[in-house]
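Participant: predicted coordinates and the sequence they were generated for:
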Amino acid sequence: MIAPRIQMPAEPFRAKANEYIGKYMKEMDAQYTCDVMEKVIMALETAFVVSKQAAKIRLVQLGFDEAIGTFTYVDDHYVKPHGFKKGAIRVDQTFTLSAVDAGVQRFINPELRQMTESGDYLFVDNHFVYNAPLYVQKDEYDRLELTDYARAHMDECCLLFDMKVTSRVADGYHTLCFLNREPSDVTFEIKFHNGYQNAPQERQVALRKKEQEEWIAIRKQMTDDAEQCMELLLKWRGMKYTELGDAIDINERTIRRTVKGETDPKVETAVLICLGLHLPPTISEKLLEVLNCKLSPTNPRHQWLREALYLRYPESVDEVRRSLRAYDVEI
């Protein structure tokens, strides 16, 4: 690994990096360094005639931790740049994982499953992020995304995962693989880093507690009567059957017949009702139960539906449908 040091000498490279950071922070009116790091890396790539991967790795070697969260390719797209407190993670750790890895880790790790089943964490932009307004917002298309603050403070609001290279690579190239998560023959094993304690701001925790208290109050009012539950939930969300039908592209009469038990309820219809009402996990579980549409733990299709109900319930139905389509699940 001598060549990068020759091509990118420490002091000239560090000076140029700082110059570009200052330049782009001003030009982009950026608040956080992570927002300009991709431009910085591309500028360094040109200035030192190296690949952007080499420039990224050299930045990390010289202490620019903000470079770690750049040019990460997961689920066929680049994840938005993100940063964290210096020294918060090792190079073989990540806040970013694929949807499949997220589902597997939730299935095999009871601690992670408990944290996500409570609604405290959502899976947004390929991260498990604390469910609070400071960290999660909706974009102009009603899709969930991390806030700028969250992307700059991942150690505060996102869960951490360990990475292990599982394909055969030469000794000494592991760090390069960890930092260069682009399409390649390198495969990783992702594992929840149990015991890592992030510390969401107290006000955000308080907001979550208040929201959970509201959920508990609604859940306590739900009986085993499907019609009573639906009337309660529609009132809670300020919706009518017609509005719910429009939201999930199902005729309101079909919804009413499902609720009244006049037709054998379909799991997909019940799931769409939950998603259309943006029901949190503890409430959607109860509604599926009273509609006699429990999800089977041995049915792979049902497991993806469960992932959507637990981790994507605040999103629009169209966005949830789009995300499920990637796993050959149509609702």
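Facilitator: Cool, the structure landed. Residues are numbered from 1 along each chain as shown.

Participant: any low-confidence regions in the stretch 101-250 of the chain?
Facilitator: 167-178, 180, 182-186, 188, 194-199 (pLDDT under 70).

Participant: what segments of it are helices?
Facilitator: Taking DSSP state H, counting those that start in this stretch as the criterion, the stretch 101-250 of the chain carries its helices at 110-117, 148-152, 154-157, 174-179, 202-221, 226-237, 241-248.

Participant: output the contacting helices and strands for the longest one.
Facilitator: Secondary structure elements in contact with helix 202-221, counted by 3 or more CB pairs under 8 Å, 6 or more residues apart in numbering; DSSP states H and E, are helix 226-237, helix 281-290. For the C-beta atoms, the positions are set from N, CA and C on the backbone; glycine is no exception.

Participant: mind listing what's buried in it?
Facilitator: Residues of helix 202-221 classed as buried: 204, 207, 208, 211, 212, 215, 218 (neighbour count, 16 or more other CB atoms under 10 Å).

Participant: how about the fifth one, what does it touch?
Facilitator: Contact criterion CB atoms under 8 Å, 6 or more residues apart in numbering gives 118, 119 as the residues in contact with residue 212.

Participant: quick one on the thing from earlier: output the helices of the stretch 101-250 of the chain in CSV, with distance to residue 277 appended to each entry.
Facilitator: What follows is the helices of the stretch 101-250 of the chain, written out as CSV (distance: least, CB to CB, whole Å):
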stretch, distance to residue 277
helix 110-117, 18
helix 148-152, 26
helix 154-157, 26
helix 174-179, 41
helix 202-221, 11
helix 226-237, 5
helix 241-248, 7
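
Participant: mind listing what residue 101 touches?
Facilitator: Residues counted as contacts of residue 101 (CB under 8 Å, 6+ apart) are 161, 190.

Participant: swap the cut-off to 6 Å and go again
Facilitator: Listed by CB atoms under 6 Å, 6 or more residues apart in numbering, the contact set of residue 101 reads residue 190.

Participant: ditto for residue 238
Facilitator: Residues counted as contacts of residue 238 (CB under 6 Å, 6+ apart): none.

Participant: of the helices of the stretch 101-250 of the chain, which is nearest residue 45?
Facilitator: Smallest distance to residue 45 across the helices of the stretch 101-250 of the chain (CB to CB): 14.6 Å, for helix 174-179.

Participant: break this protein into its domains for me.
Facilitator: The chain is divided into the following domains under automatic domain parsing: 2-192, 222-325.

Participant: what's the closest of the helices of the stretch 101-250 of the chain to residue 7?
Facilitator: helix 174-179 (14.8 Å).

Participant: beta partners for the residue positioned nearest the centre of the chain?
Facilitator: Central residue of the chain (CA atoms, centre = their mean): residue 124, 2.4 Å from the mean position. Per DSSP bridges, the residues bridged to residue 124 are residue 127.

Participant: ok, now which ones touch it?
Facilitator: By CB under 6 Å, 6+ apart, the neighbours of residue 124 are 136, 144, 146.

Participant: what about the second one, how many neighbours?
Facilitator: Around residue 144 sit 21 other residues, with neighbours defined as other CB atoms under 10 Å.

Participant: going forward, begin numbering at 50 instead of 1
Facilitator: That works, and once the first residue is 50, the last one we named lands at residue 193.

Participant: hmm, it is touching residue 365, no?
Facilitator: No: using CB atoms under 6 Å as the test, residue 193 is too far from residue 365 to be in contact (9.2 Å).

Participant: where do the strands of the stretch 100-249 of the chain begin and end?
Facilitator: With DSSP state E, counting those that start in this stretch as the criterion, the stretch 100-249 of the chain has strands at 121-123, 126-128, 142-143, 170-173, 176-179, 185-187, 193-195, 210-214, 237-241.

Participant: so which bits of stretch 372-379 are buried?
Facilitator: Those would be 372, 373, 378, for stretch 372-379 by 16+ other CB under 10 Å.

Participant: ok, the last one - contacts?
Facilitator: The one in question is residue 378. Contacts for residue 378 (CB under 6 Å, 6+ apart) come out as 350, 353.

Participant: distance of it relative to residue 148?
Facilitator: For residue 378, the distance to residue 148 equals 11 Å [CB to CB, to the nearest Å].

Participant: same check, this time on the first one
Facilitator: Residue 372 sits at a distance of 7 Å from residue 148 (criterion: CB to CB).

Participant: what's around residue 95, how many residues?
Facilitator: 10.

Participant: returning to that earlier point: from the buried residues of stretch 372-379, which one has the minimum pLDDT?
Facilitator: pLDDT across the buried residues of stretch 372-379 is lowest for residue 372, at 86.

Participant: ok, that one to residue 354 distance?
Facilitator: For residue 372, the distance to residue 354 equals 11 Å [CB to CB].

Participant: among the buried residues of helix 251-270, which two are most distant?
Facilitator: Across these, no pair lies farther apart than 253 and 267, at 21.6 Å, counting by CB to CB.

Participant: okay, the domains of the chain in JSON lines with distance to residue 249 next?
Facilitator: Rendered in JSON lines, the data for the domains of the chain read as follows (distance: least, CB to CB, whole Å):
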{"stretch": "domain 51-241", "distance to residue 249": "5"}
{"stretch": "domain 271-374", "distance to residue 249": "17"}
